[in-house]
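A.B. asks: make a model of this:
(one chain, ligands or ions: 1)
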Amino acid sequence: MGKDVIVACDFASADAVFDFLDKFEGRKPFVKIGMELFYAEGPSIVREIKKRGHKIFLDLKLHDIPNTVKKSMAVLSRLDVDMCNLHAGGTVRMMEAAIEGLTRPDGTRPILIAVTQLTSTDQQSMEEDMLIHEPIDKVVMHYASRAKSAGLDGVVCSPLEAGKVHEVCGCDFLTVTPGVRFADGDIGDQKRVMTPSEARKIGSDYIVVGRPITAASDPVAAYEKCVSEFCD
Ligand code: C5P
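C.D. replies: Numbers count the residues shown, from 1 in each chain. Purely as a prediction, here's the structure:
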């Protein structure tokens, strides 16, 4: 498992994402479909991208009562996605129910990873809004360990947290890391970023890259650059 570049296809319509993917011709990048595209186009967008031969990370971040998450995960599993996610804050019971729902009759299932604390959440908002007073890095590691004990495969985290997550949860526990930028690139609204080669050195298993590829003048060249820095 692991070491791949996942392209965040944050487009608002099927036409826009197909125009983008057509540029890759024979190449079939691992694609992340987020809420915007999924809510705009529905499950058919997953089937169509899958039919074109791409692996899919469906980034819908489920968080609800265990029974609802279990049944929803069963639907996503039938869509044949390769990776999906949920909020670890939904509790171990919810995460265990998610795995039950995802597991197909033949015992296979998509990779399931957890969001610990969103990178948009900082210490102050965690304290004020959630009444959590522990240091945020300790909270992130705790949520990662709870995800591991529920049987999940890994977490979404900042590349800066990937090394620590592996120390706490073991090398086989996957770290999927957004916030990647080229050394000479624009960081946009991301705050704490790493280059693909730094993310590789620190031990990220998958990097999630959006605008450095989707907004590049030559997206295929930008993708190849990510792959050669991160995977080769
Ligand atoms: O364009 P950019 O490379 O910043 O895109 C990063 C992708 O990863 C986006 O789809 C964003 O929603 C997602 N993401 C993130 N930070 C997180 C979780 C997900 O940037 N903590």
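
A.B. asks: touching, Thr116 and Asp137? I think so.
C.D. replies: No. Using Cβ atoms under 8 Å, Thr116 is not in contact with Asp137; the gap is 10.0 Å. Quick note: C-beta positions are derived from backbone N, CA and C, even for glycine.

A.B. asks: looking at the two, which one has more neighbours?
C.D. replies: Legend: neighbour count by other Cβ atoms under 10 Å for Thr116 and Asp137, higher for Thr116 (26 against 14).

A.B. asks: ok, now which ones touch the spatially closest residue to that one that is not a sequence neighbour?
C.D. replies: For Thr116, ignoring the flanking residues on the chain, the nearest one in space by Cβ to Cβ, 6 or more residues apart in numbering is Tyr143 at 3.9 Å. Tyr143 makes contact with Ala88, Gly89, Ala114, Thr116, Gln117, Val155, according to Cβ atoms under 8 Å, 6 or more residues apart in numbering.

A.B. asks: out of the residues you listed, who's nearest Gln124?
C.D. replies: Nearest to Gln124, judged by Cβ to Cβ, of the contacts of Tyr143 is Gln117 at 12.4 Å.

A.B. asks: could I get the full set of strands for the protein?
C.D. replies: For the chain, applying DSSP state E gives strands covering 4-8, 30-34, 56-62, 83-87, 111-115, 154-156, 174-177, 206-209.

A.B. asks: can I get those in CSV with distance to Asp232 and mean pLDDT?
C.D. replies: Listed next are those as CSV, based on distance: least, Cβ to Cβ, whole Å; pLDDT from 0 to 100:
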stretch, distance to Asp232, mean pLDDT
strand 4-8, 11, 98
strand 30-34, 16, 98
strand 56-62, 21, 98
strand 83-87, 22, 98
strand 111-115, 22, 98
strand 154-156, 22, 98
strand 174-177, 18, 97
strand 206-209, 13, 97
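
A.B. asks: so which of those gets nearest the ligand?
C.D. replies: strand 4-8 (3.6 Å; Cβ to the nearest ligand atom).

A.B. asks: pairing partners for that closest one, with directions?
C.D. replies: Sheet pairing for strand 4-8, assigned by DSSP bridges, gives strand 30-34 (parallel), strand 206-209 (parallel).

A.B. asks: dump these into CSV; add mean neighbour count and distance to the ligand as well.
C.D. replies: Shown next, in CSV, are the strands paired with strand 4-8 (neighbours: other Cβ atoms under 10 Å; distance: least, Cβ to the nearest ligand atom, whole Å):
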stretch, mean neighbour count, distance to the ligand
strand 30-34, 21, 5
strand 206-209, 25, 5
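
A.B. asks: now the ones you listed in TSV, please, with extra columns for distance to Ala12.
C.D. replies: Output for the strands paired with strand 4-8, formatted as TSV (distance: least, Cβ to Cβ, whole Å):
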stretch	distance to Ala12
strand 30-34	11
strand 206-209	19
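
A.B. asks: once you drop chain neighbours, what's closest to whichever residue of the chain sits closest to the ligand?
C.D. replies: Using Cβ to the nearest ligand atom, the single residue of the chain nearest to the ligand is Gly210, 2.5 Å away. Among residues not flanking Gly210 along the chain, Ala8 sits closest, at 3.4 Å (Cβ to Cβ, 6+ apart).
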